[in-house]
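Asks: Fold the following for me, if possible:
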Amino acid sequence: MTASLFSNTTRRPLADELRPQHISEVIGQEHLLGPAAPLGIMLANQQLSSFILWGPPGVGKTTISRLIALDAGYEFIQLSAVSTGIVDLRRTLAKASDLRASAGKATVAFIDELHRFSRPVQDALLPAVEDGTIVLIGATTENPSFSLVSALLSRAKVFTLNRLSNAQLGTVVERAERHIGKSLPLTADAHQALLAMADGDARYLLGLCETLFLLDESALLDVPALSAVVQTRAPLYDKGQEEHFNLLSCFHKSLRGSDVDASMYWAARMLQGGEDPAVIFRRLSCAASEDVGMADPNAMVQVVTAWQAFERVGLPEGRLFLAQAISYVATAPKSNASYLAFDRAAALARKTGSLPPPKHILNAPTKLMKELGYHVGYQYDHDRPDAFSGQEFYPDDIAQSSPDPLYVPNERGFERDIKNRLAFWASRRQSKR
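Replies: Residues are numbered from 1 along each chain as shown. Predicted coordinates for the structure are as follows:
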């Protein structure tokens, strides 16, 4: 087996040679392929409806589509949205229509990278899907909610494929070793490192295996030697698409949840994926205000100062400033009282409209304004005991309704002191009434 595999210069890639020939050989995705799972039920009934397979690279989207179509007795036509234009698509639809009319056989049109079709091309698929000319199976690595037209989504179920676990990738390696007839020349630690390098992608893993099978089996590679032989894969991360927002969300929620380790992890994931550090600092700033707020006003100072230092120094040393800011925000006491207060203030402003302000807090730069009573009765707070006059600043209509407080501090961090101040001022106001 080894000689035929490596001596033939026109041999197929190992990933193609090991492509499953029956649906039972597919590794993983039991949640879709099991007897009681959606695709398993379709296959058992030999009746397919249009669906979209959404998942990361190398988890079996193309293989599953082909095997399901052939096992169910459908004609299978494979297209790629990268290289297929509207003319090619119409030719395929015409061929499927002729096959249906002449032989009564249904056609599965599998379209890889379906999200790369423009909206007009996606729209061109709709009539053929609607009248049953084709059963559409699309494959995409991007969230269909953002990348596919709603009319197409309404006619096709969306099934999510999972990245393969290290245990499942280990099964892939075992199959490759049996196929080649030799073991990978790796120590146990290097073997685990190899699975981690694959990052859930069986196709990429088999590409690495092809390189390693060329080496002498007797000289086992440790982790540093493995890294020298094969390239470390760049993390899957699209700065302009869903993954960008997903990881930012994970980062922010970890900060809010006071999990400093997870916060560090998600920030590192984004940096390794090529994210602009300014994006991470912007989210840190939001968390410092929204989730820490007045419980620790220094959180915003720490973030902005670290951001400024980062801009002056840059990477790699700048990651120290980022790490310090993350540590501060994640471990700071939390309060969203200021955030909620402004939401309540906005709601009150919408409800009350353009109420006039009380005249005593209006300046009177003209004679007419003085005659109208502007500024009359204003008390300069610094002239009062404790620099507090207790006068009213709300419009009269709001003040007379005795509104509930908008800003309600909690008992965490610095807001405990603020709460005491507010209680003191409230008692002073009450004593004046």
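
Asks: which residues does A309 contact?
Replies: G318, F321 (Cβ atoms under 8 Å, 6 or more residues apart in numbering). Where C-beta positions appear, they are placed from N, C-alpha and C, glycine not excepted.

Asks: at 6 Å instead, please
Replies: F321 (Cβ atoms under 6 Å, 6 or more residues apart in numbering).

Asks: Shouldn't it be within a helix?
Replies: Yes: counting by DSSP: H, G, I helix; E, B strand; the rest coil, A309 is found in a helix.

Asks: Distance check, it against A323.
Replies: Applying Cβ to Cβ, to the nearest Å, the value for A309 to A323 is 12 Å.

Asks: S285: which element?
Replies: Assessed by DSSP states H and E, S285 sits inside helix 277-287.

Asks: Okay, buried residues for that helix please.
Replies: P277, I280, F281, R283, L284, S285, C286, A287 (16 or more other Cβ atoms under 10 Å).

Asks: Can you tell me which of these is closest to A156?
Replies: R283 (34.3 Å; Cβ to Cβ).

Asks: measure the closest one to L70 for me?
Replies: Counting by Cβ to Cβ, the gap from R283 to L70 is 47 Å.

Asks: Repeat that for V279.
Replies: 45 Å.

Asks: try G60
Replies: Using Cβ to Cβ, one obtains 15 Å as the distance from G60 to L70.

Asks: How about A190?
Replies: Separation of A190 from L70 (Cβ to Cβ) stands at 38 Å.

Asks: which one of the two has more residues nearby?
Replies: The neighbour comparison of A190 against L70 (other Cβ atoms under 10 Å) goes to A190, with 20 against 15.

Asks: Secondary structure element for the more buried one, which one?
Replies: A190 belongs to helix 188-198, assigned by DSSP H and E.

Asks: tell me the angle the next helix or strand after that helix makes with helix 188-198.
Replies: Heading C-terminal from helix 188-198, the first helix or strand you meet, by DSSP H and E, is helix 202-213. Angle, helix 202-213 to helix 188-198, by axes from the mean of the first three to the mean of the last three Cα atoms, to 10 degrees: 140 degrees.

Asks: Break this protein down into its structural domains.
Replies: 28-160, 166-229, 242-331, 356-432 (automatic domain parsing).

Asks: Can you check which of those domains gets nearest to A341?
Replies: Ranking these by proximity to A341 (Cβ to Cβ) places domain 356-432 first, at 3.8 Å.

Asks: any idea how far A124 is from D98?
Replies: 18 Å.

Asks: So for the two, which residue has more residues nearby?
Replies: Neighbour tally, A124 and D98, criterion other Cβ under 10 Å: the higher count belongs to A124, 15 against 12.

Asks: Could you report the separation of that one from T107?
Replies: Distance, A124 to T107, by Cβ to Cβ: 16 Å.

Asks: and if you look at V376?
Replies: 86 Å.

Asks: of those two, who's got more company?
Replies: T107 (24 against 11).

Asks: Give the buried residues for whichever strand or helix holds S427.
Replies: Using DSSP H and E, S427 sits within helix 415-432. By neighbour count on 16+ other Cβ under 10 Å, the buried set for helix 415-432 is E415, I418, K419.

Asks: Quick check: the last one touching V408?
Replies: No: at 8.5 Å, K419 and V408 do not qualify as touching, with contact defined as Cβ atoms under 6 Å.

Asks: secondary structure class for F76?
Replies: Applying three-state DSSP: F76 is strand.

Asks: That one and Y328: what is the separation?
Replies: Applying Cβ to Cβ to F76 and Y328 gives a distance of 57 Å.

Asks: Among these two, which residue is more densely surrounded?
Replies: Counted by other Cβ under 10 Å, F76 and Y328 do not tie: Y328 has more neighbours, with 21 against 17.

Asks: Help me confirm that L169 comes into contact with L194.
Replies: No: assessed by Cβ under 6 Å, L169 is found out of contact with L194, at 8.5 Å.

Asks: out of those two, which sits in the more crowded spot?
Replies: Between L169 and L194, counted using other Cβ under 10 Å, L169 has the larger neighbour count: 26 against 23.

Asks: check which helix or strand covers that one.
Replies: Counting by DSSP H and E, L169 is part of helix 166-180.

Asks: can you pull the buried residues of that helix?
Replies: Using 16+ other Cβ under 10 Å as the test for burial, helix 166-180 gives Q168, L169, G170, V172, V173, R175, A176, H179, I180.

Asks: Contacts for that helix, please.
Replies: L18, I27, G28, S183, L195, A198, A202, L205, C209, F213.

Asks: try 7 Å
Replies: Outside helix 166-180, the residues that touch it by Cβ atoms under 7 Å, 6 or more residues apart in numbering are 1-2, 5, 14, 17-18, 27-28, 183-184, 195, 198, 202, 205-206, 209, 213.

Asks: Could you turn the buried ones of these into a PyMOL selection?
Replies: The following PyMOL line selects those of these that are buried, judged by 16+ other Cβ under 10 Å:
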select buried, resi 5+14+18+27+28+183+184+195+198+202+205+206+209+213
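
Asks: Figure out how far stretch 168-181 is from the centre of its chain.
Replies: Relative to the centre of its chain, stretch 168-181 is centred 32 Å away, using Cα atoms, centre = their mean, to the nearest Å.

Asks: pLDDT averaged over it - what is it?
Replies: Stretch 168-181 carries an average pLDDT of 94.

Asks: go on, stretch 218-234?
Replies: Averaging pLDDT along stretch 218-234 yields 80.

Asks: List the buried residues in that stretch.
Replies: L220, L221, V223, L226, V229, V230.

Asks: cool, and stretch 114-122?
Replies: Quick answer for stretch 114-122 (16+ other Cβ under 10 Å): L114, H115, R116, F117, V121, Q122.

Asks: and the nearest residue to T331 once chain neighbours are set aside, how many neighbours?
Replies: With Cβ to Cβ, 6 or more residues apart in numbering as the criterion, T331 has its nearest non-adjacent residue at 5.6 Å, and that residue is V260. Counted by other Cβ under 10 Å, the residues lying close to V260 total 17.

Asks: so who does V260 touch?
Replies: The contact partners of V260, by Cβ under 7 Å, 6+ apart, come to I326, S327, A330, T331.

Asks: Could I get the contacting residues of the second one?
Replies: By Cβ under 7 Å, 6+ apart, S327 lies in contact with V260.

Asks: Now do the contacts for the spatially most central residue of the chain.
Replies: Centroid-nearest residue in the chain, with Cα atoms, centre = their mean: N246, separated by 1.7 Å. Contacts here follow Cβ under 7 Å, 6+ apart; on that basis N246 touches nothing.

Asks: May I see the buried residues of the helix or strand it falls within?
Replies: Element membership of N246, judged by DSSP H and E, is helix 242-256. Going by neighbour count (16+ other Cβ under 10 Å), the buried part of helix 242-256 is E243, H244, L247, L248, C250, F251, H252, S254, L255, R256.
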